[in-house]
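[1] Predicted coordinates and the sequence they were generated for:
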Amino acid sequence: MKETEKIEIMHFDQEGYLEDGRNVYEAGKKMTALADRVHEEGYDAVFLMGVGGTWDEFMQLEYLMNKFGDKDLEVYLIHAAEWNVMGHKRMTERSIVLTASESGTTPEVLEAIGKMKEMGVRVYAMTNPEGKIGQAVGAENCVMMASDHGAGGCEKGYYLADCFGLRLLNRRGCFPKFDLFIEQTKDIWKDMLDIRKRFEPRAEELARKYALADYTMFIGSGALWGETILYSMCLLEEMQWKRIRHITSHDFFHGTLELLEPGVPVFLFMGEDECRALDERVRAFLTSGVTGDEDYVIIDTAEHAIPGLDDDFRVIVSPWILSVLTTDRLARNYELVTKHNLKYRRYYHQFDY
């Protein structure tokens, strides 16, 4: 990779980011309106459908809707490729589906949408309205996708999805502080920019130390689990060709802990929900010294303040914070050390398979 390419890749347009944040806030209103329409029309179950990175991103919304929802709310996270061959017995013509696609052409999602529409299922999408998926669901059921796994900014995709899911909860009487949440987060992009700046020196240090490691382990839980997979799989496996292992905090002690030894970097992502107790157990083990491995990194979203944000909302924005730290800044610094452009692929989108 040429030096000029590296400089271009690392450039961060701060004003553009903030302006885009304002646009995302307006797009969030459209997602809220879609949720209002769904509530008024009625539904029997909510399905969140993705593939790869979009599937990972929906994990946090599945978690939040189950956390805040009532006992009668049914929320299912489905992978489009798997649904295409297996279906889902709970899906009926009264069900609704929220999906997402950065490219707007994801073939597994397109196939699923076609089958779902034949069933009479209502499908809504976060994607380009002019793309194939946008055309398949219809512009009236579509809002422009805000995520870009290869250029940071995934927190904006989280925001849009949350506007939809939390509004559904609000209309059910399960999340009464929805309007306050929207008010307190409408200018959060400035805070996300500040978090980037404060973390940059550490991101540089971690990349210099671990970007060339042969094998790295990533541990997360709860609201952060989807982002843990997204960063380790989409950014490091797909975009950096690194060998990694991602594991939940609750499953770490059932096999994976035996792989710890000196020289194996371990990243623990600590969240702010009920599963933090599980993260604490992992941290205690990593820092105990019994493995002899000193290459452990603790990244705790609770250490990154957002002024004016109620404590009740911290669990919602914690995946956004982790995305800023890892999918954006840490991945960018890995790229500089490995000299491997995040856009380079061997196979993905190179030919049909």
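    On my side now, so go ahead. Numbers count the residues shown, from 1 in each chain.

[2] Below-threshold pLDDT in the protein: ranges please.
    1-13, 147-152 (pLDDT under 70).

[3] Output the contacting helices and strands for the helix ranked longest in it.
    Longest helix in the chain, counting residues (DSSP state H): helix 14-41. Helices and strands touching helix 14-41, by 3 or more CB pairs under 8 Å, 6 or more residues apart in numbering; DSSP states H and E, are strand 122-126, strand 142-143, helix 154-171, helix 188-210. (Each C-beta comes from the backbone N, C-alpha and C, glycine too.)

[4] Quick check: buried residues in that helix?
    Neighbour-count burial for helix 14-41, counted by 16 or more other CB atoms under 10 Å, picks out 17, 20-21, 24-25, 27-28, 31-32, 34-35, 38-39.

[5] What of stretch 256-264?
    Under the neighbour-count criterion of 16+ other CB under 10 Å, stretch 256-264 has 256-257, 260, 264 buried.

[6] can you tell me which residue is nearest the centre of the protein?
    Centroid-nearest residue in the chain, with CA atoms, centre = their mean: residue 57, separated by 3.2 Å.

[7] ok, that residue touching residue 157?
    Yes: Residue 57 is in contact with residue 157 according to CB atoms under 8 Å; the separation is 5.8 Å.

[8] for residue 57, what are its contacts?
    By CB atoms under 8 Å, 6 or more residues apart in numbering, the contact set of residue 57 is 50, 100, 147, 154, 157-158, 161, 226-227, 230.

[9] Is it correct that it falls within a helix?
    Yes: using DSSP: H, G, I helix; E, B strand; the rest coil, the assignment for residue 57 is a helix.

[10] Please shift the residue numbers so they start at 255 in all later answers.
    Fine by me, first position is 255 from now on; the one you just mentioned is residue 311.

[11] Which of the buried residues of stretch 510-518 fall in helices?
    Counting by DSSP H, the buried residues of stretch 510-518 contribute nothing to helices.

[12] okay if I get those as TSV plus distance to residue 579?
    Shown next, in TSV, are the buried residues of stretch 510-518 (distance: CB to CB, whole Å):
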residue	distance to residue 579
510	23
511	25
514	23
518	21
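
[13] ok, residue 381 - contacts?
    Counted by CB under 8 Å, 6+ apart, residue 381 has contacts 353-356, 358, 387-388, 396, 398-399.

[14] The helices and strands packed on helix 268-295 into a markdown table, with extra columns for mean neighbour count and distance to residue 434?
    Below are the helices and strands packed on helix 268-295 laid out as a markdown table (neighbours: other CB atoms under 10 Å; distance: least, CB to CB, whole Å):
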| stretch | mean neighbour count | distance to residue 434 |
| --- | --- | --- |
| strand 376-380 | 24 | 24 |
| strand 396-397 | 26 | 22 |
| helix 408-425 | 24 | 11 |
| helix 442-464 | 17 | 13 |
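
[15] between these, which gets nearest to residue 325?
    helix 408-425 (12.9 Å; CB to CB).

[16] Mind checking what helix or strand follows the closest one in sequence?
    Downstream of helix 408-425, the next assigned helix or strand under DSSP states H and E is helix 432-439.

[17] Not counting its own residues, what contacts that next one?
    With CB under 8 Å, 6+ apart as the contact definition, helix 432-439 has outside contacts at 282, 286, 413, 417, 420-421, 423-424, 429, 562-564, 567, 570-571.

[18] and what of stretch 495-513?
    With contact meaning CB under 8 Å, 6+ apart, stretch 495-513 is reached by 467-475, 479, 482-483, 486-487, 490-491, 522, 529, 532-533, 535-536, 539, 588, 594, 600.

[19] Would you mind checking the residues you listed for buried ones?
    The neighbour count (16+ other CB under 10 Å) marks 470-475, 479, 482-483, 486-487, 490, 522, 529, 532-533, 536, 539, 588, 594 as buried among those.

[20] From these, which land in helices?
    Per DSSP H, the buried ones among the contacts of stretch 495-513 map to helices at 479, 482-483, 532-533, 536, 539, 588.

[21] dump the residue contacts of residue 607.
    Neighbouring residues of residue 607 by CB under 8 Å, 6+ apart: residue 601.
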